[in-house]
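1. Sequence first, predicted model second:
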Amino acid sequence: MFYSRSFIVTMREDPSEAEVISHRFMLRAGMIRKLASGIYSYLPLGLRCIRKVEQIVREEMNRAGALEVMLPGVQPAELWQESRRWDFYGKELLRFKDRHGRDFCLGPTHEEVITDLVRREVRSYRQLPLNLYQIQTKFRDEIRPRFGLMRCREFSMKDAYSFDVDEEGAERSYWNMYETYCRIFTRCGLKFRAVEADTGAIGGSFSHEFMVLADTGEDVIFYCTKCDYSANVEKAETKTIFTYRDERLKEIKVVETPGMKTVEEVADYLGVERERIVKTLIYITDFGPVAALVRGDHEVNEAKLKNFLGANVIYMADRDKIQELTGGPLGYSGPIGIRMKIIADNAIRGMRNFITGANKEYKHLVNVNIPRDFSPDSFGDIRKVQSGDTCPRCDGLLSMMRGIEVGHIFKLGTKYSEAMKAMFIDKDGKEKYMVMGCYGIGIGRTVAAAIEQNHDEDGIIFPIPIAPYHVYILPINVKDSSIMEFSIKLHKNLEEMGIEVLLDDRDERPGVKFKDADLIGIPFRITVGEKIKKDLVELKFRRDGRTETVSSSHIGQRIVEEVKKGINAQN
Ligand code: ATP
Ligand code: MG
């Protein structure tokens, strides 16, 4: 490909709209352009990269025995009413009416459509197991689209759905996808980690998120420094250990805390450590109000609390509701005297003479004790873990790192097959529900995550397997015939050997070309300059900036080897 014909439109300046590195570089390298909030056009350079990821995904899904389909983006409301998600999905589901007044939506995901397809076509256990996948455009009307392809409204997803005759089969399908995802992200050349994720009402340990590791990632991952346990922040657990404070119970007292609302303020004001305080947070759930108690230096984990209660809905009470339920203002809630279910975190078990809100403005209670002053309805693991907590599996300590969720696998069980009556006749002649799993990969987010993980201040450093081109040929002076002739011949030879080449044939200053080459991040750059007269060119590795002078008769073969090595290293 000749640069002058490539429609690569780079930008020198950082676009003001871009808050994260990948977004900034994708705009500057001319990979994407914004059409509307969270809606992007893919330019040739960006699309080449997207297609590379798709190709790896497709090859590995096929290898795993999954079959490719293509389902409609526009979906009828009836299916979503059957699964009851028409009412539960919320505003992310973009709904509209057709000319006959019938309700439709743009598909944010395809459980309903695929379940409908399979229930119509599959009758017998002989047709199972089945794993169907597609690479297709999804639409989610995200409340805050941001960071370019990282969180958009219209995006490409690989989604797969498995159907099995029983739990055992479904678990086999699940682990088959787990292995497949590991192969996919390895082949993409990414550093990643599969972490346990929350399964909500379904339970069990059959949900993993695949996280591309990057300091700039939005997601927090906890991992054990001793064993291979890792989980996202929602799911991460810690062993139930609490320090028992062997103190004499002191007399409970009311103290004035004027204007002190936060744990820090109260602790500083009273001259105690944060570990002395118990925070009381009021939640509204489908079972009514609940007070969640955690130690002052801990945070409530809403996903854990929700699972612990078995609730469908949970959210924090607002200022007015807190006043109504506790009789005191926001910031001064406490467990004594309130009439609602009280759930205390395990860490509170051993505490003595602690401090709580008094449910009165500007007042806290000191020397509170369980069970003398109140008793929680139950204790449980309802807090977020922190670095240094004990691993739930061994005696190692947990540590934190950041990542970007690029894939998610989930065992659905019979949630959709029961709601939508997806049944088959089993060997024993009985009608049974199919057991399902679903498996997603964000294609564009994977590209964005790859850039978050692989870049420097000059631009992108593409991993070889997903680079839009393998080699960038940079003739220093396009008016010099020996330079240009060699460059064009090398371009042709390399393309014939299956290498993807970008030849910068622009009549620009070398500095401009070097800058663009670094920005676009093609793994290998061949600079053709005056030295061509001595049959020499310069090979530069984008990743580490290393350069080598290579004989012009060997450079072709050398590049083929380097590219092969770069792609095979991941296989
Ligand atoms: P998130 O928690 O980031 O909102 P999700 O849990 O809603 O994601 P899934 O429904 O599991 O996502 O979708 C599967 C994959 O699709 C995700 O792992 C992610 O890679 C991708 N994805 C989801 N939402 C978006 C989005 N708004 N923009 C780009 N990719 C997305
Ligand atoms: Mg997810």
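-> Alright, I've got the coordinates. Ligands and ions are numbered 1, 2, ... in the order given.
2. thought residue 547 was touching residue 526?
-> No: contact between residue 547 and residue 526 fails when scored by Cβ atoms under 8 Å: they sit 10.6 Å apart. (Glycine included, C-beta is placed from N, CA and C.)
3. Settle it for me: which of these two has more neighbours?
-> Taking neighbours as other Cβ atoms under 10 Å, residue 547 and residue 526 compare with residue 526 leading, 26 against 12.
4. Surely that one and residue 539 touch.
-> Yes: between residue 526 and residue 539 there is a contact under Cβ under 8 Å: 5.8 Å.
5. Between those two, which contacts overlap?
-> By Cβ atoms under 8 Å, 6 or more residues apart in numbering, residue 526 and residue 539 have these common neighbours: 555, 559.
6. Break down the stretch 101-250 of the chain into its strands, ranges please.
-> For the stretch 101-250 of the chain, applying DSSP state E, counting those that start in this stretch gives strands covering 103-106, 130-139, 154-164, 192-196, 207-213, 219-224, 230-232.
7. Residue in this protein with the shortest distance to ligand 1?
-> residue 442 (2.4 Å; Cβ to the nearest ligand atom).
8. Show me the beta-bridge partners of that residue.
-> Beta bridges link residue 442 to residue 157 when assigned by DSSP bridges.
9. now do residue 341
-> Going by DSSP bridges, residue 341 forms beta bridges with residue 290.
10. Just list the residues touching it, thanks.
-> By Cβ under 8 Å, 6+ apart, the residues touching residue 341 are 287-291, 377.
11. Could you do residue 29 as well?
-> By Cβ under 8 Å, 6+ apart, the contact list for residue 29 reads 8, 10, 45-46, 459-460, 519-521.
12. Ramachandran angles for the spatially most central residue of the chain?
-> Nearest residue to the geometric centre of the chain (Cα atoms, centre = their mean): residue 405, 1.6 Å. Here is the backbone geometry of residue 405 (degrees, to the nearest 10): phi -70, psi 110.
13. And the pLDDT for it?
-> The score at residue 405 is 97. That number is its pLDDT.
14. Spell out which residues belonging to the protein are near ligand 1, please.
-> When proximity is defined as Cβ under 6 Å from any ligand atom, the chain approaches ligand 1 at 109, 140, 142, 151-152, 155, 157, 405-408, 440, 442, 444-445.
15. In TSV, list the contacts of residue 29 along with pLDDT.
-> Compiled in TSV, the contacts of residue 29 are given as follows (pLDDT from 0 to 100):
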residue	pLDDT
8	97
10	96
45	98
46	98
459	98
460	98
519	98
520	98
521	98
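16. So which of those residues are in strands?
-> Of these, the ones assigned to strands by DSSP state E are 459-460.
17. Could you dump the contacts of residue 29 into a markdown table and include neighbour count?
-> Formatted as a markdown table, those follow (neighbours: other Cβ atoms under 10 Å):
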| residue | neighbour count |
| --- | --- |
| 8 | 23 |
| 10 | 16 |
| 45 | 24 |
| 46 | 23 |
| 459 | 23 |
| 460 | 26 |
| 519 | 20 |
| 520 | 27 |
| 521 | 25 |
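18. low-scoring pLDDT stretches of this protein, where are they?
-> Residue ranges of the chain with pLDDT under 70: 201-205, 570-571.
19. Out of the contacts of residue 341, who's the most crowded?
-> That'd be residue 291 among the contacts of residue 341, by other Cβ under 10 Å, with 23 neighbours.
20. Let me see the contact set for that one.
-> Residue 291 touches 280-283, 333, 335, 338, 340-343, counting by Cβ under 8 Å, 6+ apart.
21. and what of residue 43?
-> Contact analysis of residue 43 by Cβ under 8 Å, 6+ apart lists 7-9, 30-33.
22. ok, it to residue 506 distance?
-> Relative to residue 506, residue 43 is positioned 17 Å away (Cβ to Cβ, to the nearest Å).
23. swap in residue 548?
-> 25 Å.
24. Settle it for me: which of those two has more neighbours?
-> residue 506 (16 against 11).
25. Doesn't that one lie inside a strand?
-> No: counting by DSSP: H, G, I helix; E, B strand; the rest coil, residue 506 is not part of a strand but coil.
26. circling back to that earlier point, closest one to residue 493 among the strands of the stretch 101-250 of the chain?
-> Residue 493 lies closest, by Cβ to Cβ, to one member of those: strand 130-139, at 33.1 Å.
27. picking that back up, tell me how many other residues crowd the residue of the chain closest to ligand 1.
-> With other Cβ under 10 Å as criterion, residue 442 counts 25.
28. wouldn't residue 194 be in contact with residue 208 here?
-> Yes: taking Cβ under 8 Å as the definition, residue 194 is a contact partner of residue 208 at 4.7 Å.
29. what sits in contact with each of the two?
-> With Cβ under 8 Å, 6+ apart as the test, residue 194 and residue 208 both reach 178, 181.
30. So these two - more neighbours on which side?
-> Using other Cβ under 10 Å as the criterion, residue 194 and residue 208 rank with residue 208 on top: 26 against 17.
31. Against residue 407, how distant is that one?
-> Taken as Cβ to Cβ, the span from residue 208 to residue 407 is 8 Å.
32. Determine the residues that are contacts of both of these two.
-> With Cβ under 8 Å, 6+ apart, residue 208 and residue 407 have common neighbours residue 181.
33. Reduced to three states, what does residue 409 come out as?
-> Under three-state DSSP, residue 409 falls in the strand class.
34. what secondary structure does the closest residue to it other than its chain neighbours sit in?
-> Nearest residue to residue 409 in three dimensions, chain neighbours excluded: residue 439, at 4.6 Å (Cβ to Cβ, 6 or more residues apart in numbering). Of the three states, residue 439 takes strand under three-state DSSP.
35. Residue 386 versus residue 439, what's the distance?
-> Distance, residue 439 to residue 386, by Cβ to Cβ: 31 Å.
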